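Asker: Take this sequence and fold it.
(one chain, ligands or ions: 2)
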Amino acid sequence: MRQSQLFTKTRKEAPKDEVSKNAQLLVRAGYIHKEMAGVYDLLPLGLRVIDKIRNIIREEMNGLGAQEVSLSALQDPALWEATDRWDDEKIDVWFKTTLKNGTELGLGCTHEEPMANMLKNHISSYRDLPRYTYQFQTKFRNELRAKSGIMRGREFLMKDMYSFNRTEEELEKFYTDAGVAYENVFRRVGLGDITYLTFASGGMFSKFSHEFQTVSEAGEDIIYIDTEKRIAVNKEVYKDDILFDLGLEKGKLVEAKAIEVGNIFKYGTRYSVPLGLTFKDEEGNEKPVIMGAYGIGLGRVMGTVVEMLADEKGIVWPESIAPFAVHLVELSQGDATIRENADALYEDLKSAGIETLYDDRDLRAGEKFADADLLGIPYRIIVGKSTTNEMIEVVRRKDSEKRTVSKESLLSGSYGF
Ligand code: ATP
Ligand code: MG
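Answerer: Ligands and ions are numbered 1, 2, ... in the order given. Coordinates of the predicted model:
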């Protein structure tokens, strides 16, 4: 993409009311637009990042044998009354609305109820199970505090997966596999080393739910980490008897602030019983389906990566979720030959399938470099007076390391690092 055609502009200042680092940088770099507190729009660059995250998650969920769906955000109160979750006392983040005729509707804050209800039409026998469904879907939550930028939106994109099993053992196996898939996701988006499987409350059926917590000063949670075992416990379950049960020693645990990037729950029959989601087993007995749920916030992940990897100059994307792999910057200042060289290299990179943002704008070098630093694209190629056509210098954003590579190897996607 030619940067001269990109409608978004970078800016020196973030909105005055924006206190989070992730949103300050993402707004300044033109990835997102702030509508109001807790409400953000995705601009072209931001959407590219979200799509990369979405694809990584999609690959991992498909790998578990889950099938992608997309449920409506408009929800029928009757389902939530059945599970006793319609009351604002029970779910304090509800956004509700009314039809012209006065009927109330919910704006989905999660989808256990409609997902289980929908599956009643498709599950009747043990032969129809297990089933796993997931979606990337907008959630609405009337969050009290929205000071964490895109990490806590009042409208946000969540990947929510639901499991439907015949037995506890079957759920247990899937739950373990889902945990591994989650680890893969967080490793692939660049958060692997600093994200811990964390024991938390909220298991309705088992003692715990599990969260994936990324250690960060910007986090809203407190966790206690066993760095050797690479597991942690959330403050809410940090109690002597629980630590004992988990084989953890208080003295070895390190307290840290952390961001919950994902979580997994075993529900058992909590939703299937009130909603009547049942199946006939091999003996013909009617049994409730055993459920679980598995969430990841895409904006939460994107914001966390910005928080963790950015430096004083701006954003630093890992290659896996960067909007472009290469930032090609021409410094022609009106020199036709340099411009032609840069144009030619851009065409070559495009033909080679390398995602390239081409800074072809008529600006001073200093401005172009400052923008490139802010945008955080992993590899930068500068075309200037001394650039030859065959050997090309690549600068890595994260540490300013340089490598010179042949054009041939560059076009094969190897940047010399
Ligand atoms: P939190 O404790 O941070 O409010 P939660 O327990 O309400 O999270 P879930 O309802 O289980 O979270 O949602 C699943 C995932 O969705 C979370 O792990 C997180 O990644 C993401 N998420 C939750 N709330 C938000 C939000 N307001 N904005 C963006 N992402 C969110
Ligand atoms: Mg919440």
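
Asker: Tell me the residue of the stretch 51-200 of the chain that sits nearest ligand 1?
Answerer: residue 156 (3.7 Å; C-beta to the nearest ligand atom). Quick note: C-beta positions are derived from backbone N, CA and C, even for glycine.

Asker: count of residues packed around the residue lying closest to that residue once chain neighbours are set aside?
Answerer: In space, and not counting its chain neighbours, residue 156 is closest to residue 299: 5.0 Å by C-beta to C-beta, 6 or more residues apart in numbering. Using other C-beta atoms under 10 Å, residue 299 has 26 other residues around it.

Asker: Surely residue 299 is within a helix?
Answerer: Yes. With DSSP: H, G, I helix; E, B strand; the rest coil as the criterion, residue 299 is located in a helix.

Asker: contacting residues for it?
Answerer: Listed by C-beta atoms under 8 Å, 6 or more residues apart in numbering, the contact partners of residue 299 are 40, 50, 150-151, 153, 156-157.

Asker: before we move on, the earlier item: can you confirm the residue of the stretch 51-200 of the chain closest to ligand 1 is in a strand?
Answerer: Yes. Per three-state DSSP, residue 156 lies within a strand segment.

Asker: so what's it up against?
Answerer: So residue 156 contacts 138-139, 141, 150, 297-300 (C-beta under 8 Å, 6+ apart).

Asker: One more pass at 10 Å, please.
Answerer: 38-40, 137-141, 143, 150, 297-300 (C-beta atoms under 10 Å, 6 or more residues apart in numbering).

Asker: isn't residue 292 right up against residue 176?
Answerer: No. Checked against C-beta atoms under 10 Å, the pair residue 292 and residue 176 is beyond contact range at 11.0 Å.

Asker: Looking at these two, which one has more neighbours?
Answerer: residue 292 (24 against 11).

Asker: Please report how far that one lies from residue 172.
Answerer: Distance from residue 292 to residue 172, counting by C-beta to C-beta, to the nearest Å: 9 Å.

Asker: quick one: contacts for residue 44?
Answerer: Taking C-beta under 10 Å, 6+ apart, one finds 1, 6-8, 30-31, 323 in contact with residue 44.

Asker: can you count the residues close to residue 182?
Answerer: With other C-beta under 10 Å as criterion, residue 182 counts 26.

Asker: Please determine how far it is located from residue 295.
Answerer: Look at residue 182 and residue 295: by C-beta to C-beta, they are 10 Å apart.

Asker: Tell me which residues are up against stretch 384-392.
Answerer: With C-beta under 10 Å, 6+ apart as the criterion, stretch 384-392 contacts 328-333, 335, 337-338, 341-342, 344-345, 348, 365, 381-383, 393, 403-411, 415-416.

Asker: Weed out the non-buried ones from the residues you listed.
Answerer: With neighbours counted by 16 or more other C-beta atoms under 10 Å, the contacts of stretch 384-392 contain buried members at 328-332, 338, 341-342, 345, 381-383, 393, 403, 405, 407, 410-411, 415-416.

Asker: Now intersect those residues with the helices, please.
Answerer: 338, 341-342, 345, 407, 410-411 (DSSP state H).

Asker: what about the longest strand seen in the chain and ligand 1, touching?
Answerer: Scanning the chain for the strand with the most residues, using DSSP state E, yields strand 254-268. Yes. Contact of strand 254-268 with ligand 1 (C-beta under 6 Å from any ligand atom) involves 260-263.

Asker: And the contacts of the next helix or strand after that strand?
Answerer: Next along the chain after strand 254-268, taking DSSP states H and E as the criterion, comes helix 272-275. The contact list for helix 272-275 (C-beta under 10 Å, 6+ apart) reads 79-85, 112-117, 119-120, 123, 164, 269, 278-279, 287-291.

Asker: Narrow these to those that are buried.
Answerer: 79-80, 82-83, 85, 112-117, 119, 123, 164, 269, 278-279, 287-291.

Asker: Show me the residues you listed that map onto helices.
Answerer: Reading helices off the buried ones among the contacts of helix 272-275 with DSSP H, I get 79-80, 82, 112-117, 119.

Asker: Including pLDDT, could these go into a markdown table?
Answerer: Formatted as a markdown table, those follow (pLDDT from 0 to 100):
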| residue | pLDDT |
| --- | --- |
| 79 | 98 |
| 80 | 98 |
| 82 | 98 |
| 112 | 98 |
| 113 | 98 |
| 114 | 98 |
| 115 | 98 |
| 116 | 98 |
| 117 | 98 |
| 119 | 98 |
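
Asker: Which members of those residues are the farthest-apart pair?
Answerer: The distance between the two most remote of these (C-beta to C-beta) is 16.5 Å, for 80 and 119.

Asker: hang on, the earlier thing: any idea what the residue of the stretch 51-200 of the chain closest to ligand 1 is bridged to?
Answerer: Counting by DSSP bridges, residue 156 is bridged to residue 139.

Asker: List the buried residues of stretch 275-284.
Answerer: Judged by neighbour count using 16+ other C-beta under 10 Å, the buried positions of stretch 275-284 are 275, 277-279.

Asker: Make a markdown table from these and add pLDDT and distance to residue 25 to it.
Answerer: Formatted as a markdown table, those follow (pLDDT from 0 to 100; distance: C-beta to C-beta, whole Å):
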| residue | pLDDT | distance to residue 25 |
| --- | --- | --- |
| 275 | 98 | 43 |
| 277 | 98 | 44 |
| 278 | 98 | 50 |
| 279 | 98 | 49 |
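
Asker: Out of these, flag the one nearest to ligand 1.
Answerer: Closest to ligand 1, out of all of those and judged by C-beta to the nearest ligand atom, is residue 275, at 18.8 Å.

Asker: which of the residues of strand 254-268 next to ligand 1 tops the neighbour count?
Answerer: Result: residue 261 is most packed of the residues of strand 254-268 next to ligand 1 (other C-beta under 10 Å), 27 neighbours.

Asker: got the contact list for the closest residue to residue 114 other than its chain neighbours?
Answerer: Spatial nearest neighbour of residue 114, chain neighbours left out: residue 71 (5.4 Å); criterion: C-beta to C-beta, 6+ apart. Residue 71 sits next to 108, 111, 114-115, 117-118, 133, 135, 137, 160 when contact means C-beta under 10 Å, 6+ apart.

Asker: distance of residue 71 from residue 79?
Answerer: 12 Å.
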